[in-house]
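just coords:
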């Protein structure tokens, strides 16, 4: 092996040693951030107002706007600048539940744990009807029922493997082990271009079937998506009827798995099951624009203050809980990080901008709208000048778990920088730097236009098992100490990014869009 | 040490070796029982009808009577003799929920997971009111509110330690380890004589406070008992207003812990919380007697057929679920054990009598009434002749978990017998014989009059954490394979008891009643 080759290999193995120019971490500032984060935390206060007080924050709902306005007001009280709502584009109608009552009336009375799917129809008052079971949700299966479907509540036969709930011998909440290396987390992306067309087709056909059901006189559809909760936890998302001009054909209702399976077994043994329900919703078309919430700590370095560090999470949630872990958690942490930096009176070289997104649950709409407006459109890679000015975007949207590290999103060059920045937080369990990609949230639009966009690795807690898109996504399922830790680390990363001599290294600009977000789902 | 003393010590240590007359286990019959239990199980069928089809089985409710009649009919179809309902004494009024709707109306709409306490009042239609929080449920605290309590829904401030839900890092379901010896299970009894008077006083004072609340114009009382569920699981039992002449003063409603804590936090931060609710119940005083369900396989031995082996569980349940693990499970197993013995055409020497009890949840009322009528009253130890004729009573009422052994209830002499009988089921995990007492269920009245009454040791599964007295006590939380195992072992024990040359050894007759059951709770 030649000396030259050996040096090259060393450079590859130890890239940190070749970056003598790396700005050293300001350990005194890191300590100040930790002290403020843990000793003077405002996390429970922010969490209470963002969840308990505002309520569910479905995009463009009163709860969303309530939370958004409270945040703006609070940011202003903290002295955060440019705090305000910024429209990101056309979203659609506001929707909220104003009455949601579902009960089994025969063979005996039992109230059911049930929620309407968002943006689906109401029942127009109290209605009563027998439940019928279709083998599949298809026009053929509906035709087989003939006129029998009129006046009925329709459910679809569950798959055999979904008819048994095993006892819960494994914990619902987990943390990564201290020994986890995070080197091999699986890549996870949300929607790749090929996939979108497929989804659009599915949505279209699904809606046609619902319309057909409604035309045949069905009263309501139960569990349009496969139930996966248990113990009273109901996972429920929404329809796609928020867009202007779309009218939902039917009430669609998610039942708890236990309620659904009881009805399924009763029907299977030829018992008549009658439900009564009263589902009422309120629609609002006065303003169909979507909004993000923005706030800024301006940069102070003459040359660098036009450059940006961004941080965010998504403010919108689903509607059966108060979106505490998805993603009030991220928004709470980002607000708290801004507060910490403001209280400490930092003078960042670059400007620090927080953005809390709307419409994430409908396809990263708020962040994508923002990126298109400010940085460029990944569909045609027409970039705007500001695209060059963003050093990094940091996102948090994997629940309430503490930060255990960060996904490099395949940006290898930034690895040594982040390893260096995590060092002061190793004792808090944040050590992992993985080359892997993660997806499904708002760093993707940044990544798609070549801006370094990152999502932190978080302890799972009960995110996938209990809270993600469920009625149990509430304040009580937040872990406050975890959120404090996350706020400290986010504040540190943001500060370090704002103070670093150079912007963070970028990956080569993607040649073509890896994601298409603004699909107009044809119904 | 003298030889005599040594022999005595040996007898104490190894009583089995001195009982050369012990009837050997009929291993061929044990194998037949196992085959019938596992290969031709009727457990899922029985479970479905006893829970899904009958519904909640609150004592004297329509669901209880539906299940009782279905069981009688099914026993008769199986050829079980003397199948019928047998009154055990005066119980009180039937009650069932016919409408149960509770929602948060302000600051935003959210349906709540809520159930009325059994035998409490309805709201008389849809009512709306703000929630007020009392520091304690006492007349002094009510007086402090003055007129402000009129038209309000009242909740009591939770204790600080009840205001935080930690993430669930431990599993809800557990089993005993294979290495468990069961030698030191803690004694557990339900109500000792001193305790009863105390409870009576508490009930009286509690009811006076409720009456005071109602007189002051409160609409309803939330969470009269401390909420301990989570994730949508609500634990809820009942009032004591079933007795003739008692009228509940107020609607009392159990909310999910998450709903309750959100309301608590909103009130704490001075937000107005308004609820709407419509609670309607149906009362029935046409027959206030309580009933047990009885069925028999008559003995065939001329001399021994007048002797009895009894087996049972309690058929009544609480009302928010369908009482699947408490205690349909026990009743299912007992029915299945009877079916197995009947199908196998056993010719038992002694008669085998199954009894499924009512009123267990209100203080072992059905079993105590039965024991008083047939065997004697432990209050004065006046015993009836039949007391001498019962070899054993076997009970199952600790959920859906498989049998891991049996409590000797301090009856040391029966230990070697049971160890011998468990041998053929060691491979199914049933090996434990503990000298300990267990309580809180229907073997106690038997034990109290000197009849050997036993309760099996069962794997806990989710009984204490999830299903016991909760809305999640439903069919889906049963473990069918565990119940099959239990039915095999119960059938074996019953068979062995019926065929044994002698009746099981008894403890010395208690000198005084250890328990008093028929307290007329003064309201």
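Received the coordinates, thanks. Because the structure is predicted, anything quoted here is derived from the model rather than measured. Numbers count the residues shown, from 1 in each chain, chains lettered A, B, ... in the order given.

From here on, just use CA atoms for contacts and neighbour counts.
Fine.

List phi and psi for residue A:32.
Dihedral pair for residue A:32: phi -60, psi -40, per degrees, to the nearest 10.

show me what contacts it?
Residue A:32 sits next to residue A:344 when contact means Cα atoms under 8 Å, 6 or more residues apart in numbering or on different chains.

Would you check how far apart it and residue B:264 are?
Going from residue A:32 to residue B:264 by Cα to Cα, to the nearest Å gives 34 Å.

Low-confidence stretches in the stretch 51-200 of chain A?
The stretch 51-200 of chain A contains residues with pLDDT under 70 at A:184-200.

Alongside chain B, which residues does it contribute?
By the rule Cα under 8 Å from any Cα of the partner chain, the part of the stretch 51-200 of chain A lying against chain B is A:52-55, A:63, A:97-101, A:107-111, A:113, A:164-174.

Show me those that map onto strands.
Within those, residues falling in strands by DSSP state E are A:97-101, A:110-111.

Looking at those residues, which one is closest to residue A:294?
Relative to residue A:294, the closest of these is residue A:97; by Cα to Cα it sits at 27.6 Å.

okay but the closest one is in contact with residue B:109, surely?
Yes: assessed by Cα atoms under 8 Å, residue A:97 is found in contact with residue B:109 at 6.7 Å.

Which one's more surrounded, the two?
For residue A:97 and residue B:109, the more surrounded residue by other Cα atoms under 10 Å in any protein chain shown is residue A:97, and the numbers stand at 25 against 19.

What parts of the stretch 351-500 of chain A come near chain B?
So far as Cα under 8 Å from any Cα goes, the stretch 351-500 of chain A lies against chain B at A:461-462, A:466, A:472, A:474-477, A:479.

need the residues you listed in TSV with distance to residue B:453 and neighbour count, can you?
As requested, those are arranged in TSV below (distance: Cα to Cα, whole Å; neighbours: other Cα atoms under 10 Å in any protein chain shown):
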residue	distance to residue B:453	neighbour count
A:461	45	26
A:462	43	24
A:466	42	24
A:472	43	27
A:474	47	27
A:475	48	28
A:476	44	24
A:477	44	25
A:479	47	21
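
what number of residues lie near the residue lying closest to residue A:469 once chain neighbours are set aside?
Spatial nearest neighbour of residue A:469, chain neighbours left out: residue A:235 (5.5 Å); criterion: Cα to Cα, 6 or more residues apart in numbering or on different chains. By other Cα under 10 Å, the residues close to residue A:235 number 30.

thinking residue A:235 is in contact with residue A:465, fair?
No: here residue A:235 does not reach residue A:465: they are 10.0 Å apart, not a contact under Cα under 8 Å.

next one: phi and psi at residue A:320?
Per-residue torsions, residue A:320: phi -80, psi -20 (degrees, to the nearest 10).

And the nearest residue to it once chain neighbours are set aside, how far from residue B:393?
Excluding the flanking residues, the one nearest residue A:320 by Cα to Cα, 6+ apart is residue A:471, at 4.5 Å. Using Cα to Cα, we find residue A:471 at a distance of 45 Å from residue B:393.

Kindly report the same for residue A:251.
To residue B:393, residue A:251 is 53 Å away according to Cα to Cα.

before we move on, back to that, isn't the residue nearest to residue A:320 right next to residue A:231, touching?
No: between residue A:471 and residue A:231 there is no contact under Cα under 8 Å: 11.5 Å.

just the buried members of the residues of the stretch 51-200 of chain A next to chain B?
Buried subset of those (neighbour count, 16 or more other Cα atoms under 10 Å in any protein chain shown): A:52-55, A:63, A:97-101, A:107-111, A:113, A:164-165, A:167-168, A:171-174.

Next up, the contacts around residue A:69.
The contact partners of residue A:69, by Cα under 8 Å, 6+ apart, come to A:84-85.

which SS class is it?
Under DSSP: H, G, I helix; E, B strand; the rest coil, the three-state class of residue A:69 is helix.

what's around the residue nearest to residue A:389 when sequence neighbours are not counted, how many residues?
Nearest non-adjacent residue to residue A:389, counting by Cα to Cα, 6+ apart: residue A:307, 4.6 Å away. Residue A:307 sits with 23 neighbouring residues when counted by other Cα under 10 Å.

gap between residue A:307 and chain B?
Between residue A:307 and chain B the computed distance is 40 Å (Cα to the nearest Cα, to the nearest Å).

Residue A:492 too?
Noted for residue A:492: a distance of 27 Å to chain B, by Cα to the nearest Cα.

Spatially nearest residue to that residue (excluding sequence neighbours)?
Nearest non-adjacent residue to residue A:492, counting by Cα to Cα, 6+ apart: residue A:30, 6.4 Å away.
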